[in-house]
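*Asks:* sequence unknown, structure follows:
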Ligand SMILES: *Cc1c(COP(=O)(O)O)cnc(C)c1O
């Protein structure tokens, strides 16, 4: 069934406004990134017509197939966020497609991005993971604290803050605790390094109201806008 994007967006925007108010902020302080992975270009164009100005993709290959076509269809290029694991050999392609790389999950990747930046300053978020699944990507908090001085010395990178994905199958309260810890980690790094570290990208369809309550400045919402994804 074709999702009703207008209705879905209206619901998401109302939910954002309510959660923002509960966190003492205005809705305009929360950036909505519509996660368009697996969605065809037409859906992106439709969402853009409804005022969405930022999209998230998790695979460089899929983005390479999609973004140039979308760019031809839209008068104004939306902001494209990379939100999935980036392999170092895909860095040059990612730099052509994305305005911000949210999923920088290692020092080696950060250095590879810097080497390929080609004169530009690349906006990045550092991905942190607080769960106990050793296979999930992301800096562990202690590792991030330890490597932060080195990360912040890397040229051509504009580290804007942190990104996280809540552990799978966590309860709402566990998820809230994770988001809170990520915010506290951001605050501690800000105090130690005097960086702005302004951005906190956290919250997806299931948990974005909680994330906003805990201080998210960017939320990444797919299914609540575009409907359930077909299995790949
Ligand atoms: C898919 C994805 C999202 C969006 O998930 P939904 O449940 O569809 O809202 C957000 N962040 C990342 C990193 C993703 O891969």
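*Replies:* Done, it's in. Please read these numbers as outputs of a predicted model, since none were measured by experiment.
*Asks:* SS state for residue 67?
*Replies:* helix (DSSP: H, G, I helix; E, B strand; the rest coil).
*Asks:* Now for the residue nearest to it when sequence neighbours are not counted, how many residues are close by?
*Replies:* Nearest non-adjacent residue to residue 67, counting by CB to CB, 6 or more residues apart in numbering: residue 97, 5.1 Å away. To be clear about C-beta, it is placed using only N, CA and C from the backbone, and glycine gets the same treatment. As a burial measure, residue 97 scores 18 neighbours (other CB atoms under 10 Å).
*Asks:* Please renumber the chain so that the first residue is 51 from this point on.
*Replies:* Sure, I'll start counting at 51 from here, so that last one is residue 147.
*Asks:* Low-confidence regions, this structure specifically.
*Replies:* For the chain, the stretches with pLDDT under 70 are 281-282.
*Asks:* ok, now which ones touch whichever residue of the chain sits closest to the ligand?
*Replies:* Per CB to the nearest ligand atom, residue 272 is where the chain lies closest to the ligand, at 2.5 Å. Taking CB atoms under 8 Å, 6 or more residues apart in numbering, we find residue 272 in contact with 84, 85, 86, 87, 106, 254, 255, 279.
*Asks:* In strands, which of these appear?
*Replies:* Taking DSSP state E, the ones among the contacts of residue 272 that sit in strands are 84, 85, 106.
*Asks:* Now residue 205: phi and psi?
*Replies:* Torsion angles at residue 205 (phi, psi; degrees, to the nearest 10) stand at phi -70, psi 160.
*Asks:* correct me, but it touches residue 164?
*Replies:* Yes. Counting by CB atoms under 8 Å, residue 205 touches residue 164, with 5.7 Å between them.
*Asks:* of the two, who's got more company?
*Replies:* For the pair residue 205 and residue 164, the greater number of neighbours falls to residue 164 (17 against 9), based on other CB under 10 Å.
*Asks:* Is there a neighbour count for residue 234? I'd like the number.
*Replies:* Neighbourhood size, residue 234 [other CB under 10 Å]: 13.
*Asks:* so what's it up against?
*Replies:* Per CB under 8 Å, 6+ apart, neighbours of residue 234: none.
*Asks:* Are we agreed that it is in a helix?
*Replies:* Yes. Assignment of residue 234 by three-state DSSP places it within a helix.
*Asks:* Closest one of the ones in strands among the contacts of residue 272 to residue 260?
*Replies:* residue 85 (17.3 Å; CB to CB).
*Asks:* how about residue 257, phi and psi?
*Replies:* Torsion angles, degrees, to the nearest 10, at residue 257: phi -140, psi 10.
*Asks:* what's near enough to touch it?
*Replies:* 216, 222, 225, 229.
*Asks:* what about stretch 108-121 and the ligand, touching?
*Replies:* Yes. Applying CB under 6 Å from any ligand atom, one finds stretch 108-121 touching the ligand at residue 108.
*Asks:* Around the ligand, pick out the residues from this protein.
*Replies:* Checking the chain against the ligand by CB under 6 Å from any ligand atom, the hits are 85, 87, 108, 133-134, 215, 254-256, 270-274.
*Asks:* what secondary structure does residue 210 sit in?
*Replies:* strand.
*Asks:* pretty sure it contacts residue 174?
*Replies:* Yes. Applying CB under 8 Å, one finds residue 210 in contact with residue 174, separated by 6.9 Å.
*Asks:* intersection of neighbour lists for these two?
*Replies:* Applying CB under 8 Å, 6+ apart, one finds that residue 210 and residue 174 are jointly contacted by residue 150.
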